[in-house]
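give me coordinates for this.
(chains A and B)
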Amino acid sequence: MIFSEEFRLKIGLAEMLKGGVIMDVTNAEQARIAEDAGACAVMALERVPSDIRRDGGVARMSQIRIMEDIMKTVSIPVMAKARIGHFMEARILEALAVDYIDESEVLTPADETHHIDKKSFKVPFVCGARNLGEALRRIAEGAAMIRTKGEAGSGDIVEAVRHIRTIVKEMKHLTILGKEELVHEAKNLGAPLDLVEWVAEHGKLPVPNFSAGGIATPADAALVMQLGAEAVFVGSGIFKSEDPAVRAKAIVKAATYFNDPAKLLEASRDCGEAMRGLDVAKMAPEELLQTRGW
Amino acid sequence: MSKTIGVLALQGDFEAHRKAIEDSGARAVEVRTAAEMHACDGLILPGGESTTMLKLLDMEQLTQPLRDFAATRAVFGTCAGAILLAHHVTHPAQTSLQLLDIDVERNGYGRQIDSRIANIDTAEGVVEAIFIRAPIIRRVGPEARVLATFGKDPVWVEQGRHMVTTFHPELSAGSIVHRRFLSRI
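Numbers count the residues shown, from 1 in each chain, chains lettered A, B, ... in the order given. Okay, the predicted model is just below:
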């Protein structure tokens, strides 16, 4: 499989974010705190997922002026969210020249059947996935980065762990299959055969594989990195905690030293109280954000 | 004995550099501590976010060990790594290690949609140059030597044992740039 120059550039920026922490911010002041703490990028959105959950209503792309403010304030890449299937929100974000678009289940979906044709954009996209089939469908549409969905705004790491373990296990499984078995597997996964063959040969996704959805502590970040995530997104976990600046720094340190328990102890020691969180096991199915997208 | 090249693995595309070094026939190790750094014959500062790397160098007290390392051994920086090694950094201003006499403007070409791939002529032949939110080298001091330009901008510069590129040779197959770095160690 040969990747176009444009796709290699899109993957290239994702490569630069590896080992880092992408933080949700809702204004320029938070963006500054995130950058000062060592975030490798920020995600601009109107409300962090835990507030979206609390407030209800329709969650849409952020206000343009807030995003412009954030882009003026920080020198690190700025990402922004568009609703699933809302390719015109995405066109507006591309015109704004954000560095990455997250076609995100955290916002209210605009299309219950189709995701955005991401190949038709010059700006790169990241999409959430719960399993390998979903990840490969998004890559087939043009996503240049995959992240686990986890359960956004919960502060509960259990779903991100489930999703990264599922994706990694399904990839390992492909590596032991014969060529003829891969056709059947592509059918089961609901994913294009050429991508299934690529994963079978390389044992990993053709794009960077990050984790999101429920990361609230340095230990959470280290856990998903140990399980195979190459970088982490932290949403409500930072700005819903007791001391965002300190917690942000601690999670940045944990993403780098995910394999060094002594450093993780240092990172965990003085970071104040974590966000309160919600036990995902006690949520009603209709409250889950991860089941949005197909 | 084969050379051991460290790749600073605080944040960024250190894995791509590790692979480029291994493909060139040397040993590559990820470096996150001063002890790991000092076991290496040369060091690469990868692409990524220079602000993130600066914070972690400072937080983990790795700046002085890195200066000590560079006093006797070779360092190669790509993109964010080049920003860290520059004499003076603008857009916005930030501190740097000042190991090469070059001035650098961050995100000189614009945002991600302005990223590009170009084939450029270099001292080592034609090279595929991948620019991602790349910096522009605005001044090159008399001691530094330009090995390649893109348009009018110097994009590959060496000075003494150190060198920088504003593009990402680690993302192209069979990197001539990495081989030149290895040949100088």
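
relative to A:Gly150, how far out is A:Ile215?
7 Å (CB to CB, to the nearest Å). Just so you know, the C-beta spots here come from the backbone N, C-alpha and C atoms, and that holds for glycine as well.

ends of stretch A:148-155, how far apart?
Start and end residues of stretch A:148-155 are separated by 14 Å (CA to CA, to the nearest Å).

these two touch, right, A:Gly293 and A:Gly128?
Yes: assessed by CB atoms under 8 Å, A:Gly293 is found in contact with A:Gly128 at 6.4 Å.

looking at those two, which has the bigger crowd around it?
The residue with more neighbours, out of A:Gly293 and A:Gly128, is A:Gly128; 29 against 22, by other CB atoms under 10 Å in any protein chain shown.

doesn't A:Gln290 make contact with the more buried one?
Yes: look at A:Gly128 against A:Gln290 with CB under 8 Å: they come within range, at 7.5 Å.

shared neighbours, the two?
A:Glu105, A:Lys149, A:Gly213 (CB atoms under 8 Å, 6 or more residues apart in numbering or on different chains).

secondary structure and pLDDT added to those residues, as TSV?
Output for those, formatted as TSV (DSSP: H, G, I helix; E, B strand; the rest coil; pLDDT from 0 to 100):
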residue	secondary structure	pLDDT
A:Glu105	coil	96
A:Lys149	coil	96
A:Gly213	coil	95
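
next, the residue of the stretch 51-200 of chain A found nearest chain B: phi, psi?
Going by CB to the nearest CB, chain B is nearest to A:Asp99 of the stretch 51-200 of chain A, at 4.0 Å. Main-chain dihedrals, A:Asp99, degrees, to the nearest 10: phi -90, psi -20.

that one: neighbour count?
Neighbours of A:Asp99 (other CB under 10 Å): 23.

secondary structure element for the nearest residue to A:Ile146 once chain neighbours are set aside?
Of all residues not flanking A:Ile146 in the chain, A:Ala135 sits nearest, at 4.7 Å (CB to CB, 6 or more residues apart in numbering or on different chains). Using DSSP states H and E, the element containing A:Ala135 is helix A:132-141.

tell me what that helix is packed against?
For helix A:132-141, the contact count by 3 or more CB pairs under 8 Å, 6 or more residues apart in numbering or on different chains; DSSP states H and E identifies strand A:125-129, strand A:145-148, helix A:158-175, helix A:179-189, helix A:193-202 as packing neighbours.

chain B: strands as residue ranges?
Under the criterion DSSP state E, chain B contains strands at B:4-8, B:27-31, B:42-45, B:74-78, B:88-90, B:102-105, B:116-122, B:125-131, B:136-140, B:145-150, B:153-159, B:162-165.

below-threshold pLDDT in chain B: ranges please.
Under the criterion pLDDT under 70, the flagged ranges of chain B are B:1.

what does it have sitting close to chain A?
B:9-16, B:32, B:47-49, B:51-52, B:55-56, B:59-60, B:79-80, B:91-92, B:106-107, B:110-113, B:115-117, B:130, B:132-133, B:168, B:171 (CB under 8 Å from any CB of the partner chain).

now with 7 Å?
B:9-16, B:32, B:47-49, B:51-52, B:55-56, B:59, B:92, B:106-107, B:111-113, B:115, B:117, B:130, B:132-133, B:168, B:171 (CB under 7 Å from any CB of the partner chain).

pairing partners for the residue nearest the centre of chain B in the sheet, please.
The residue lying closest to the centre of chain B (CA atoms, centre = their mean) is B:Gly77, at 1.1 Å. On the basis of DSSP bridges, B:Gly77 takes part in beta bridges with B:Leu45, B:Val164.

that one and B:Ser96 touch, don't they?
No: counting by CB atoms under 7 Å, B:Gly77 does not reach B:Ser96; the two are 10.0 Å apart.

nearest residue to A:Pro124 in space, please, no chain neighbours.
The shortest distance from A:Pro124 to any non-neighbouring residue, by CB to CB, 6+ apart, is to A:Lys10 (3.5 Å).

the one you found belongs to a strand?
No: A:Lys10 is assigned helix when assessed by DSSP: H, G, I helix; E, B strand; the rest coil, not a strand.
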